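> Any chance you could fold what I've pasted below:
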Amino acid sequence: MERYGFKDNVFTLLNHHQTNIVVTGLIAVVSIYVTLSSLFDKNLIHPLTIDNETVAFDANTPTSIEEQSLWMAAQGYMYSAMSLFILWFFAMIAGKILALLHLPPLLGMLLVGIAFRNIEFLDGLLNINPFWVMILQKIAFGLILVRCGVGLDPVVLRKSFCLIGTLGILSTLAEVIAIVFAAYFLFDVSLKIAILFGFILAATSPAVTVPTMIDIQNKRLGAEKGVPTVVLASASIDNLLSITAFSVAAAVIFTRADDISYTLARTPIEIAMGALLGILAGLLLRQYPRYDVQYVHFYRAALLTLVSLAFLFGTLAIHCDIAGPISIFFLSVVAAIRWKIDNEKSSGPEEKFFKLSWDLVFLPFLFALIGLAFALNLTWAIMTVGLAVLCIGIVVRIVAAFILVSCTHFNVKEQLFVSLCYIPKATVQAALVPMIIQYGAHVLEYETDAKLIVSTCILSILLTAPIGQLIIQLLAPCLLKSTNVKPVPVLNFDTSYIASNNDNRLHLRIGPLTPNGNDVHAAVDDAEAIPAPLTYKEMNESSYEEERNSRLKQLRTTLQKRTYLYEQHDSRF
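Numbering: from 1, shown residues only. I've put the predicted structure just below:
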C-alpha cells in the first residue's frame, strides 16, 4: 500500500502543471546548450574558455594572415553566442524566482547583469560583441513600440485623443522643466547638459509600462473608460517626444555652429516622413494578406515584424534616427485598427506572438545587458544629487498628470492611478546613456556632468523600474473598476445589408402562382418567418452559455474518469 502510494505521489508530482513546465523548459535549455556547444566545439563543463589550439599559419603569405583573422573572428562570434545564451539562461531563472515572490521579473534580470559585471569572480567571464548588444537593444525597443501600437484600443483612442496628447506632451515637459531647473539652479550642472538630462530622465519606460498596461487591459481593469489605452498611448508619445527632443538637443549642443541650422531644418521633415511612411505601410498591411487567407495571423505578425525591422535599421543606415521609431509606431497603430475588426479573433493572436517574443527573449536580454553595462562605483555625493533630481522630477510629473486628468471623465481613483503610471524609468535611459558617455568622452568640459547623468540613470533603472511596476500592479485592482468583456463588432465582407432590429433583407422567391395571382408558398412563408438578427447583447449571452455548457461537459467527463480510476483502485485493494 505504501509502495503504491509513493508511486502515485511521484506520478502526481511529475504531472503537475508547474512541474511539467519546468521539465519542458529544462529539456529545451539542455538541447540548445548541447547544440551550441557542439556547433562551436566548446567544452560542455566550461564553455566560456577560448581554446589554446593553434593553426599552422605562414606569416609570410597573405592568405595565412587572412585565415588567421577569420579564425579569430569566428572564435569571437562563438564566444559571444555562448555568453548571450548563459546570460539569458540566468536572467530567465532570476526572473522566474522573483515572479514567484510576486516581485517584477525584470528586477531579477537586471541584477543578473549587474552581478556578472560587479562580482569579482564573474567579472570578465562574459564577452559579448558590442554590435550584437546594440542590435538586441534596438530590436527590443522596436518590439516595445510595436506592442504598444497593436495593444491600443481604437475606440478609446478616438474618444480620448486630446487627453492622450495632453498627457504625453504637457506632463513630460513639466518633468523636463523641473529636472532642468533642479540640475541647473540647485546642483550647478551646465545648462546644456541639464537640458539633455531632463529629456533622458523624463521618459517613461515602455519596457515596464507597456507589458503591465496590456496585462491590466486583458484583465478588463479600467477598460470601460479606457484607462490602459490612455496610459499606453500617452507613454508612447512621451517616448517619441523625449527621443526626438534629445536627438535635436544633442545635435545642436555637440555640433559645430555652421551645422545647427541644417539639423534644425531636417528634424521636422524627418518626423513628418517617418509618420507618413508608417501610415502608408500600415494601410498596405491592412490589405495584404487578406483576412480570409489561411494562417492569416501568422503572416500578419511576421510581416509586421519584418517591416518594422526594415524601418528601424533602414533609417539608422541613412542616419535618420528619429524617423525609425515614429514610423514603427504609426505602422502598428494603423494596421492593428483594421485587424481588430475584420475577423473573429481580432488582433489577439498577433498580440500573443509579440508578448511571447518579449517575455521569453527580449525582456531578459534587454535588462540583463543594461545591468551588464553598469559598474557600481558610485560616490555618496553623486548618489545624493542623482536621487534628489530624480525625486523632484517624479513628484512634479505625478502632480502635473493628476491636474491634467482632473478635468476628464475619470474619477479620483482613476486619476490617481494614471498619474502614478509614469514613475518607471529604464528603456529610454539605457538606450540614450551610451550617447551621453560618448559625448562626455569627446568634450572634456562636460565629462563631470556626463558622469552625473549616467549615475542618475543607473539609480533610476534600479529603483523606479521595479518600484513603479509594483505600484502599478498592486494599485490596479484597488483603484480600477473591472468590467465584463464586450463583444467586438466584426466586419463581415460576405454580407451587405443595413443592421436593424427586424430583417430588412430583400428575399426573392420564384414559384408557381395560383389562378388568382397569389403565391402558393404564402401559407408556408407565414409559418416559416425569418428570425430577426441577434443583438450584441444576445450574441454575448449566447456565447457565454455555449462556453459554460462546454466547460460543464469537460468537467463531467473529468469526474467520470476520476470516478472510474478510484473504483479500479479500490477494487485492487
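> buried stuff in stretch 335-353?
Neighbour-count burial for stretch 335-353 flags 335-340, 342-343, 346-347, 349-351, 353 (criterion: 16 or more other CB atoms under 10 Å). For every residue, glycine as well, the C-beta is placed using N, CA and C.
> before we move on, what about stretch 370-389?
Neighbour-count burial for stretch 370-389 [16+ other CB under 10 Å]: I370, G371, L372, A373, F374, L378, I382, V385, G386, V389.
> pLDDT-wise, what's the bottom of those?
Within the buried residues of stretch 370-389, L378 has the lowest pLDDT, namely 70.
> tell me the SS of it?
Secondary structure, DSSP: H, G, I helix; E, B strand; the rest coil: L378 is coil.
> ok, the nearest residue to T483 once chain neighbours are set aside - how many residues close by?
Leaving aside its chain neighbours, T483 sits nearest to E224 (4.2 Å; criterion: CB to CB, 6 or more residues apart in numbering). A count of nearby residues for E224, using other CB atoms under 10 Å, gives 14.
> I figured E224 was touching L480, is that so?
No - E224 is beyond contact range of L480, at 9.4 Å (criterion: CB atoms under 8 Å).
> Just to be sure, the residue nearest to T483 is in a strand?
No - the assignment for E224, made by three-state DSSP, is coil rather than a strand.
> Mind pulling up the pLDDT for it?
Note for E224: predicted pLDDT of 80.
> same thing with A450?
Looking at A450, its pLDDT reads 75.
> I'd like to know how many residues surround it.
By other CB under 10 Å, the residues close to A450 number 21.
> Am I right that it is in contact with L432?
No - A450 lies out of contact with L432 (CB under 8 Å); the separation is 11.8 Å.
> what about the residue nearest to the spatial centre of the chain, which helix or strand?
What sits nearest the mean C-alpha location of the chain, by CA atoms, centre = their mean, is I144, with 3.7 Å. Assigned by DSSP states H and E, I144 belongs to helix 130-150.
> Tell me the buried residues in that helix?
Neighbour-count burial for helix 130-150 flags 132-133, 136-150 (criterion: 16+ other CB under 10 Å).
> Which secondary structure elements does that helix sit against?
Contacts defined by 3 or more CB pairs under 8 Å, 6 or more residues apart in numbering; DSSP states H and E place helix 130-150 against helix 206-218, helix 227-254, helix 296-317, helix 323-339, helix 348-357, helix 363-372, helix 427-442.
> Any idea which of the ones you listed gets closest to L100?
helix 363-372 (15.9 Å; CB to CB).
> How far does that closest one sit from its chain's centre?
Offset of helix 363-372 from its chain centre (CA atoms, centre = their mean, to the nearest Å): 14 Å.
> elements contacting that helix?
So helix 363-372, by 3+ CB pairs under 8 Å, 6+ apart, packs with helix 62-100, helix 105-118, helix 130-150, helix 206-218, helix 427-442.
> just so I know, which of the ones you listed lies nearest F246?
Ranking these by their distance to F246 (criterion: CB to CB) puts helix 427-442 first, at 5.9 Å.
> Least confident secondary structure element in this structure?
Evaluated with mean pLDDT, DSSP states H and E, the helix-and-strand set of the chain has its lowest mean pLDDT in helix 522-527, which scores a mean of 47.
> What pLDDT does the model give A310?
At A310, the predicted lDDT confidence score is 91.
> circling back to that earlier point, nearest to C421, of the helices and strands packed on helix 363-372?
helix 206-218 (6.3 Å).
> Can you tell me, leaving aside adjacent residues, what's nearest to A336?
V150 (4.4 Å).
> got a list of what the one you found touches?
L304, S332, A335, A336, W339, S347, E350, E351, F354 (CB atoms under 8 Å, 6 or more residues apart in numbering).
> Walk me through the domains of the protein.
In terms of domains, the chain is parsed into 1-40, 65-479 (source: the TED database).
> any idea of the mean pLDDT in the first one?
The predicted model gives domain 1-40 an average pLDDT of 70.
> What is the distance between that domain and the centre of its chain?
Domain 1-40 has its C-alpha centroid displaced from the chain centroid by 30 Å (CA atoms, centre = their mean).
> before we move on, what about the last one?
Offset of domain 65-479 from its chain centre (CA atoms, centre = their mean): 9 Å.
> mind giving me JSON lines with the helices and strands packed on helix 130-150 and columns for distance to V454?
Output for these, formatted as JSON lines (distance: least, CB to CB, whole Å):
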{"stretch": "helix 206-218", "distance to V454": "19"}
{"stretch": "helix 227-254", "distance to V454": "14"}
{"stretch": "helix 296-317", "distance to V454": "23"}
{"stretch": "helix 323-339", "distance to V454": "22"}
{"stretch": "helix 348-357", "distance to V454": "30"}
{"stretch": "helix 363-372", "distance to V454": "12"}
{"stretch": "helix 427-442", "distance to V454": "6"}
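> Tell me which of these lies nearest to F185.
helix 227-254 (18.8 Å).
> Model confidence for E445, exactly?
You'll see E445 listed with a pLDDT of 64.
> on that earlier part again, to A245, which of the helices and strands packed on helix 363-372 lies closest?
Among these, the nearest to A245 by CB to CB is helix 427-442 (11.0 Å).
> Run the angle between the following helix or strand past that closest one and helix 363-372 for me.
Reading on from helix 427-442 to the C-terminus, the next helix or strand found by DSSP H and E is helix 447-479. Here helix 447-479 runs at an angle of 140 degrees relative to helix 363-372 (axes from the mean of the first three to the mean of the last three CA atoms, to 10 degrees).
> 36 is where my numbering starts, stick with that
With the count now opening at 36, the last piece we talked about shows up as helix 482-514.
> Just name the closest of the buried residues of stretch 370-388 to L594, please.
The closest of these, once distances to L594 are taken by CB to CB, is P384, at 32.4 Å.
> my read: the closest one touches A336, true?
Yes - using CB under 8 Å, P384 is in contact with A336, at 7.1 Å.
> Could you measure from I212 over to I433?
Remark: distance between I212 and I433 (CB to CB, to the nearest Å) = 15 Å.
> any weak-confidence spans in the stretch 86-235 of the chain?
86-109 (pLDDT under 70).
> Would you mind measuring from the residue lying closest to R335 once chain neighbours are set aside to S367?
Nearest non-adjacent residue to R335, counting by CB to CB, 6+ apart: E385, 5.7 Å away. Going from E385 to S367 by CB to CB gives 10 Å.
> Quickly list what's touching both of those two.
Taking CB under 8 Å, 6+ apart as the criterion, E385 and S367 both touch V185, L339.
> thinking again about what came up before, please render the helices and strands packed on helix 398-407 as JSON lines that adds distance to S441 to the earlier fields.
Output for the helices and strands packed on helix 398-407, formatted as JSON lines (distance: least, CB to CB, whole Å):
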{"stretch": "helix 97-135", "distance to S441": "35"}
{"stretch": "helix 140-153", "distance to S441": "31"}
{"stretch": "helix 165-185", "distance to S441": "25"}
{"stretch": "helix 241-253", "distance to S441": "21"}
{"stretch": "helix 462-477", "distance to S441": "27"}
